[in-house]
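> could you look at this predicted model? Sequence included:
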Number of protein chains: 2
Amino acid sequence: MIAPIAVFDSGVGGLTVVGALRRELPAEAIVYLGDTARVPYGGKSQKTIERYSEEIARMLVAEGAKMVVVACNTASALALEHLRATISVPVVGVIDPGVQAALPATRSGHVAVIGTKATIGSGAYEKGLRAARADIRVTSIACPLLVPLIEEGMFDDEVTESVLRRYLSPLLGTDADAIVLGCTHYPLLAAAIARVLGPQFALVDSAANCASAVARRLAHDGILADVGTGSLELGFTDPPDRFLEVAGRALGLSTDSAAVRSVPPLGS
Amino acid sequence: MIAPIAVFDSGVGGLTVVGALRRELPAEAIVYLGDTARVPYGGKSQKTIERYSEEIARMLVAEGAKMVVVACNTASALALEHLRATISVPVVGVIDPGVQAALPATRSGHVAVIGTKATIGSGAYEKGLRAARADIRVTSIACPLLVPLIEEGMFDDEVTESVLRRYLSPLLGTDADAIVLGCTHYPLLAAAIARVLGPQFALVDSAANCASAVARRLAHDGILADVGTGSLELGFTDPPDRFLEVAGRALGLSTDSAAVRSVPPLGS
């Protein structure tokens, strides 16, 4: 038995990160927890998001996880410091990998970031981008309707395109040339976003970079699994609806098990 | 101190019911709990909705509530029987009041019902309407994007109208002539729904009828408060965002207090 990497998200969007982890680290055991009973996190407060994240991370660490991957931009933006202060294994989020992926993608030095209200409100991407490159310009746009549209499977739909045009039109005609998809759901809208923005924009998502960051950290700590076929176990706090099928098809994930699980509250 | 009426909803939509209760029963003390830390309920499973409803109802009854009003169609459709089996005070939901309001509103005998996926999937309105009138015809339509649009305050918006046209177009050209707004959020979209459907349709919501059902039950049980000015205390499990302001303005509610509260899990 190799110790698993625990990955969690508010719902199923984090499976985009799981897909990248499976490709980059095929020998690892991955345990995924989607908090579908409390989804979405993106409009909720920092205190609530910290509590949910800690409950889930404590449960997965108690079950033997050697690392926790926060495959949710909202939880990464608002709860990463809290998790690092309370959890005994390394914690990797998706914000810093997204920042690192954005830097080489822009020629103009003007980067757009889209995300949930909580992620954008936190300023986490702006802080990360500015810390990495002092002269960078950042335009951040909260896109609260995109997750509900994606959860409806409306990837290629005129309503979705008109919502995207509303959110993204401030970017058209500017010199912004890279856009960070600051929510793990958004890669499923990549085609529609590219249609609205045109070929000027590089689309940046953190999934592949997050998987690389996980691999580096495991190698550094000497706990990388490098032989065997690995495994993937999915858990959800509420039965996931048809979106799991849609995402599974879109991501080509094959899983060893999927179960409905409950998360113990803190202090229990 | 009069014993309060407890009213709960997954979020702030249930304030439409509180508005009707304040008008119908101005001498009552009302305690409202919006479960904004776990909103929305409408796409979640019956088991999860029963658990959330029981946790909230037990807490409010332990604090002295004389009645529990389930001001949420999803929880009324999926958890009312469970609550009546587990809670020691009378429980009033919004489905039956909505059914009673729909019956006199249709001339053709063809009624439309819109609601969340969970409410429509439960068939609760269809069962109630058919039990009341055997020859009634019912067209039920799940409208999962309406709550996110309302929570964004997009009451009067072309995106909202195009989503509504998508959902409601199967009704145009039929003899349906009444539509049940089977979600406590939806009265905030009444104007847009009327524009899409035209003057043929009577819009039916359960708020006023629910308040009347509460009044009848309190009178029947001899626990009606009929003197004094009453009060309204609001609680939310996560700080409510700007929607509370929007809804407060739309509903003209004045409150005595608003607080962030946590709901103890069952068994604690």
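It's in.

> can you tell me the closest non-neighbouring residue to A:T174?
Closest residue to A:T174 apart from its sequence neighbours, by CB to CB, 6 or more residues apart in numbering or on different chains: A:H110 at 6.6 Å. C-beta coordinates here come from the backbone N, C-alpha and C atoms, glycine included.

> thinking the one you found is in contact with A:R133, fair?
No. A:H110 lies out of contact with A:R133 (CB atoms under 8 Å); the separation is 11.4 Å.

> tell me what the residue nearest to A:T174 is bridged to.
A:R137 (DSSP bridges).

> roughly how far apart are it and A:E28?
Using CB to CB, to the nearest Å, A:H110 is found at 37 Å from A:E28.

> of these two, which one has the most company?
Neighbour count, other CB atoms under 10 Å in any protein chain shown: between A:H110 and A:E28, A:E28 has more, with 25 against 16.

> list the contacts of that one.
Listed by CB atoms under 8 Å, 6 or more residues apart in numbering or on different chains, the contact set of A:E28 reads A:2, A:4-5, A:21, A:218, A:224-225, A:230.

> what about 6 Å?
Residues in contact with A:E28 (CB atoms under 6 Å, 6 or more residues apart in numbering or on different chains) are A:5, A:225, A:230.

> which residues touch the closest residue to A:P240 other than its chain neighbours?
Among residues not flanking A:P240 along the chain, A:T36 sits closest, at 5.3 Å (CB to CB, 6+ apart). Contact partners of A:T36, counting by CB under 6 Å, 6+ apart, are A:11, A:236-238, A:240.

> buried subset of these?
Among the contacts of A:T36, those scoring as buried are A:11, A:236-238, A:240 (criterion: 16 or more other CB atoms under 10 Å in any protein chain shown).

> and A:L266, that's in a strand?
No. Assessed with DSSP: H, G, I helix; E, B strand; the rest coil, A:L266 is coil; it does not lie in a strand.

> domains of chain A?
The record's domain parsing of chain A by automatic domain parsing lists A:5-93+A:208-260, A:96-206.

> got the buried residues for the helix or strand where A:L78 lies?
A:L78 is part of helix A:73-86 when elements are defined by DSSP states H and E. Neighbour counts using 16+ other CB under 10 Å place A:73-80, A:82-83, A:86 of helix A:73-86 among the buried residues.

> please apply the same query to stretch A:192-201.
A:192-193, A:196-197, A:201.

> same question for stretch A:37-51.
A:37-46, A:48-51.

> need these in TSV (columns: distance to A:K127, secondary structure and pLDDT).
What follows is these, written out as TSV (distance: CB to CB, whole Å; DSSP: H, G, I helix; E, B strand; the rest coil; pLDDT from 0 to 100):
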residue	distance to A:K127	secondary structure	pLDDT
A:A37	31	coil	95
A:R38	26	coil	95
A:V39	26	coil	92
A:P40	23	coil	92
A:Y41	19	coil	95
A:G42	18	coil	93
A:G43	21	coil	90
A:K44	21	coil	94
A:S45	19	coil	94
A:Q46	15	helix	96
A:T48	22	helix	96
A:I49	17	helix	97
A:E50	18	helix	98
A:R51	23	helix	97
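
> filter these down to the ones close to chain B.
Restricting those to those near chain B by CB under 6 Å from any CB of the partner chain leaves A:37-38, A:44-45, A:48.

> what's the weakest-modelled helix or strand in chain A?
Lowest by mean pLDDT, DSSP states H and E among the helices and strands of chain A is helix A:242-251, with a mean of 67.

> interface residues of the stretch 101-250 of chain A facing chain B?
Taking CB under 6 Å from any CB as the contact definition, the stretch 101-250 of chain A meets chain B at A:144-145, A:148, A:152, A:159, A:162-163, A:238-239.

> out of those, which end up buried?
Using 16+ other CB under 10 Å as the burial test, those include A:144-145, A:148, A:152, A:159, A:163, A:238-239 as buried.

> could you find the closest non-adjacent residue to the closest residue to chain B within the stretch 51-200 of chain A?
Minimum separation of the stretch 51-200 of chain A from chain B (CB to the nearest CB) falls at A:P148, amounting to 4.1 Å. The shortest distance from A:P148 to any non-neighbouring residue, by CB to CB, 6+ apart, is to B:P148 (4.1 Å).

> all strands of the stretch 151-268 of chain A, in order?
A:178-182, A:202-204, A:231-236, A:257-260 (DSSP state E, counting those that start in this stretch).

> and the second one, what does it pack onto?
In terms of contacts (3 or more CB pairs under 6 Å, 6 or more residues apart in numbering or on different chains; DSSP states H and E), strand A:202-204 is packed against strand A:178-182.

> again, but for the longest one
With contacts defined as 3+ CB pairs under 6 Å, 6+ apart, the packing partners of strand A:231-236 are strand A:29-34, strand A:257-260.

> okay, buried residues for that strand please.
A:231-232, A:234-236.

> residues in contact with A:G182?
By CB under 6 Å, 6+ apart, A:G182 lies in contact with A:73, A:113-115, A:119, A:125.

> distance of the nearest residue to it once chain neighbours are set aside from A:Y125?
Once flanking residues are discounted, A:G182 sits nearest to A:G115: 3.3 Å by CB to CB, 6+ apart. In this view, A:G115 and A:Y125 are 7 Å apart by CB to CB.

> and which of the buried residues of strand A:231-236 is nearest chain B?
Distance to chain B across these (CB to the nearest CB) is lowest for A:F236, with 10.0 Å.

> what bridges to that closest one?
For A:F236, the beta-bridge partners are A:G34, A:V260 (DSSP bridges).

> hmm, A:D35 and it touching each other?
No. Judged on CB atoms under 6 Å, A:F236 makes no contact with A:D35 at a distance of 7.9 Å.

> can you give me the end-to-end distance of stretch A:147-159?
Stretch A:147-159 has an end-to-end distance of 13 Å (CA to CA, to the nearest Å).

> what's in contact with it?
In contact with stretch A:147-159 (CB under 6 Å, 6+ apart) are residues A:40, A:160, A:185, A:188, A:243, A:246, B:144-145, B:148, B:162-163.

> 8 Å instead, please
Looking at what lies outside stretch A:147-159 - CB under 8 Å, 6+ apart - the contacts are A:11, A:13, A:40, A:42, A:116, A:160, A:163, A:183, A:185-186, A:188-189, A:191-192, A:241-243, A:246, B:43, B:144-145, B:148, B:159, B:162-163, B:166.
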